[in-house]
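1. Below is the structure, and that's it, no one-letter string:
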């Protein structure tokens, strides 16, 4: 390792090398950064100890120097002395931090990334003093808490179901005289907020200067208890630095909250709650609110813990509308710290049989409970790598937020609520459930299969609504919605706001019927990896049966009378809703949809054969006939040109091309080409411009061999290099307006041996939320799908585990940038510990099992580690 020390001074920066030599970087900050670029490259610098925290300006924007350099070089540039660097790096691998008080969208982004949660609740990373504003958004989200609100848009009434911001009972602050210390109206001397990913502990530290020159130090801590998911706890400590005198400590329970997270929704109706009950008894406050339309009760009880040196009996309580305020006036001594705890219990009327606690734990007890629970989760889910500290940090961050969003500890209370696309972190997509489950469920299948089963229940519990939707639309079976919320009805918006043109345009995204194929795929994936026949007979087969009936009923005989078309659908590419100048919305013969339907029909025939008794007793109105399915799937229509390119949908190759270089030069960020073209008065439907992987999703889901076989059974004779041809073509026609797109193309690039492309796209996906590569969307919540898929990627691509295989099969190919990869997984009730470097694979199982390594059978004995030389024959007794 080549570590340098960087000492930033006002007029210069000093670099010290490991051999003791020094170098001064002078000139402007921009000039110093240019010189530093050369040093990092020429000296192969692997990290830096930055001796002093400093904020610099880049393009007139404030940035933290260490954070900026770490992101730029993707290496650990850390505030530390050179002697403490290794310990500081270990802390850095397991934490993220702000070192100044951000504003606007940057503040909202930090709050999303600093969110704590436990799968039942999520609490954004604000400090206790903060209120809803353009610069801060304290929010508590509860899994499954939705409400409808109607708004007037251009004279039209539009109803949306929203993810509700619940009442704020975490608020605490100090008053000195008449001055409320809120971090807004004071001079900030220093400010940090920090998230420990290993323990789920959020902390903040602030030193403020009041109007009269007095200074206060205010520290806070917060955990969402991972062991007791209905509880969260906050600690608030205040120290007068340069004075003694009277302080007013205030604790609030605020029922006057509203939704404000997403700027483009702010012109819509934001009110979802009214307070129905308030009580104060000693140090305990109880507040109940109800959603206005869905009539869900949210009850929170907060217990306040006062420092021993202060008098509990002096606390006063008052009400102000929908808010309750508790206040304690006390005389504070200069240099003394006064620590207040508040633990809050949260439940809703959706959760049954949850007893009200008699008393709640203080912060320290709550933190110990939660820390232990986090430790157990990390033992099962941690993906460890050597040789790439930055990637390790991002894997830790992404794993943390996946577990915050859906925890094995919360499945009884929360997982019936589904996997929201933006976690329990924000209000984008209105907290709805999409097809992102397809990218997320593998994490739980591999690490927490019992949780995966519970996650699948979200769809089963809403099967009746999907059957109703199909019937209303004239189809059989079950038609699941593109956007699903509380009850499983279609929640896709009918109009969409383009932030560039400020125009509301029609939104036909509900035609993405392929969401049901993702559900079927997830059921199958779970069964392949668990062989949980009980689940299949209780829920899984019924889901598959009803989804199959739906797709059977969508088939329309084509004009040639020999094939079947599927019409009026959209593929994963959300840019294309219809053909140019078409009267009706929707596309015909989307390749992803049609091939996935072919896969579904083939898979259903296998299930009919595997579970004959179940199907005999569950025929219903439409019987599932394996032979008929086999016949139908072989007649599904695709459009494939003479070069072997698979058209994304019928007539796709008739669309116009754009000059991608011109648009990159003009707009730089062209991820949302739909908005760009619409603002220019053009129709995105007329151009070969995809938002994200569409046809390529087939290979991501099913693998190259299975897709090739399905296409052959459809009667298509494709050239040997057809996969690479399609990859190159669609990569050059995709803007990656969805972060998920990079993972798909990266995985296929790995299969094709395009390692440079794979590495670039995977790295972009890995950092996509942390670096907010979409230019502001992380502020509205993390992207759960891409976070989960980047964790699974090293296992499925670098370790070469094919999740769709019956048997554990490993085809390892560790990237040269990494030295080692280690993890644990489960497959069909067997636990495996796996470690890979460039020479050897080490694997241990807790039961006797047979696996495949590089296509060769390997027998494992329970508890015995087996070492395999990669690339060399390993004999098997």
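-> That came in fine, so what should we check first? Since we're looking at a predicted model, the values are computed, not measured. Numbers count the residues shown, from 1 in each chain.
2. check contacts around residue 564.
-> With contacts defined as C-beta atoms under 8 Å, 6 or more residues apart in numbering, residue 564 is in contact with 555-558, 632, 635-637. The C-beta positions use only the backbone N, C-alpha and C, and glycine is treated the same way.
3. I'd like the residues you listed as JSON lines, with secondary structure, pLDDT and neighbour count appended.
-> Output for those, formatted as JSON lines (DSSP: H, G, I helix; E, B strand; the rest coil; pLDDT from 0 to 100; neighbours: other C-beta atoms under 10 Å):
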{"residue": "555", "secondary structure": "strand", "pLDDT": "97", "neighbour count": "19"}
{"residue": "556", "secondary structure": "strand", "pLDDT": "97", "neighbour count": "13"}
{"residue": "557", "secondary structure": "strand", "pLDDT": "95", "neighbour count": "12"}
{"residue": "558", "secondary structure": "coil", "pLDDT": "93", "neighbour count": "16"}
{"residue": "632", "secondary structure": "helix", "pLDDT": "95", "neighbour count": "17"}
{"residue": "635", "secondary structure": "coil", "pLDDT": "96", "neighbour count": "16"}
{"residue": "636", "secondary structure": "strand", "pLDDT": "97", "neighbour count": "25"}
{"residue": "637", "secondary structure": "coil", "pLDDT": "96", "neighbour count": "21"}
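4. Which of these sits closest to residue 790?
-> Distance to residue 790 across these (C-beta to C-beta) is lowest for residue 636, with 32.6 Å.
5. mind checking pLDDT for residue 415?
-> Looking at residue 415, its pLDDT stands at 58.
6. same thing with residue 599?
-> Residue 599 is given a pLDDT of 98.
7. I figured it was touching residue 711, is that so?
-> No: between residue 599 and residue 711 there is no contact under C-beta atoms under 8 Å: 10.9 Å.
8. returning to that earlier point: reformat the contacts of residue 564 into JSON lines and put distance to residue 272 next to each item.
-> Output for the contacts of residue 564, formatted as JSON lines (distance: C-beta to C-beta, whole Å):
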{"residue": "555", "distance to residue 272": "42"}
{"residue": "556", "distance to residue 272": "42"}
{"residue": "557", "distance to residue 272": "48"}
{"residue": "558", "distance to residue 272": "48"}
{"residue": "632", "distance to residue 272": "46"}
{"residue": "635", "distance to residue 272": "49"}
{"residue": "636", "distance to residue 272": "44"}
{"residue": "637", "distance to residue 272": "46"}
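9. From the centroid of this structure, which residue is nearest?
-> Ranked by distance to the mean C-alpha position of the chain (C-alpha atoms, centre = their mean), the top residue is residue 784 at 1.5 Å.
10. Please list all residues in contact with that residue.
-> With contact taken as C-beta under 8 Å, 6+ apart, residue 784 is in contact with 401-402, 405, 419-423, 436, 440.
11. could you redo the last one with a cut-off of 6 Å?
-> Going by C-beta atoms under 6 Å, 6 or more residues apart in numbering, residue 784 touches 405, 423, 440.
12. Strands - which of these land there?
-> Among these, no member falls in strands (criterion: DSSP state E).
13. Who wins on neighbours among the residues you listed?
-> Counting by other C-beta atoms under 10 Å, residue 405 has the largest number of neighbours within the contacts of residue 784, with 29 neighbours.
14. My guess is that one contacts residue 424. True?
-> Yes: with contacts counted by C-beta atoms under 6 Å, residue 405 reaches residue 424, the gap being 5.5 Å.
15. Okay, and residue 665 sits in which element?
-> helix 660-667 (DSSP states H and E).
16. Check which element follows that helix along the chain.
-> The element immediately downstream of helix 660-667 (helix or strand, assigned by DSSP H and E) is helix 673-679.
17. Show me which residues of that following helix are buried.
-> Of all the residues in helix 673-679, those buried under the rule 16 or more other C-beta atoms under 10 Å are 673-679.
18. got TSV for those, with pLDDT and distance to residue 603 too?
-> Shown next, in TSV, are those (pLDDT from 0 to 100; distance: C-beta to C-beta, whole Å):
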residue	pLDDT	distance to residue 603
673	91	35
674	89	34
675	88	38
676	91	40
677	90	38
678	87	39
679	87	43
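19. Out of the contacts of residue 784, list just those in helices.
-> Among those, the members falling in helices (DSSP state H) are 405, 440.
20. nearest spatial neighbour of residue 319, skipping sequence neighbours?
-> Leaving aside its sequence neighbours, residue 319 sits nearest to residue 278 (C-beta to C-beta, 6 or more residues apart in numbering; 6.4 Å).
21. Around that neighbour, how many other residues sit close by?
-> Using other C-beta under 10 Å, residue 278 has 17 neighbouring residues.
22. One more: the one 3 residues further on?
-> Using other C-beta under 10 Å, the number of residues around residue 281 comes to 9.
23. Likewise for the one 10 residues further on?
-> By other C-beta under 10 Å, the residues close to residue 291 number 23.
24. Skipping adjacent residues, who's closest to it in space?
-> residue 147 (3.8 Å).
25. gap between the one you found and residue 297?
-> As for residue 147, its distance to residue 297 is 12 Å (criterion: C-beta to C-beta, to the nearest Å).
26. between those two, who's got more neighbours?
-> It is residue 147, of residue 147 and residue 297, that has more neighbours when counted by other C-beta under 10 Å, with 22 against 14.
27. check contacts around the more buried one.
-> Here residue 147 is in contact with 164, 272, 291, 293-294 (criterion: C-beta under 6 Å, 6+ apart).
28. In its sheet, which strands sit next to the helix or strand that contains it, and in what direction?
-> In the assignment (DSSP H and E), residue 147 maps to strand 146-153. Note on strand 146-153: by DSSP bridges, its sheet partners are strand 156-163 (antiparallel).
29. Going by neighbour count, which residues in the strand it pairs with are buried?
-> In terms of neighbour count (16+ other C-beta under 10 Å), strand 156-163 has its buried residues at 158, 160-163.
30. Report the contact partners of residue 580.
-> Counting by C-beta under 6 Å, 6+ apart, residue 580 makes contact with 685-686.
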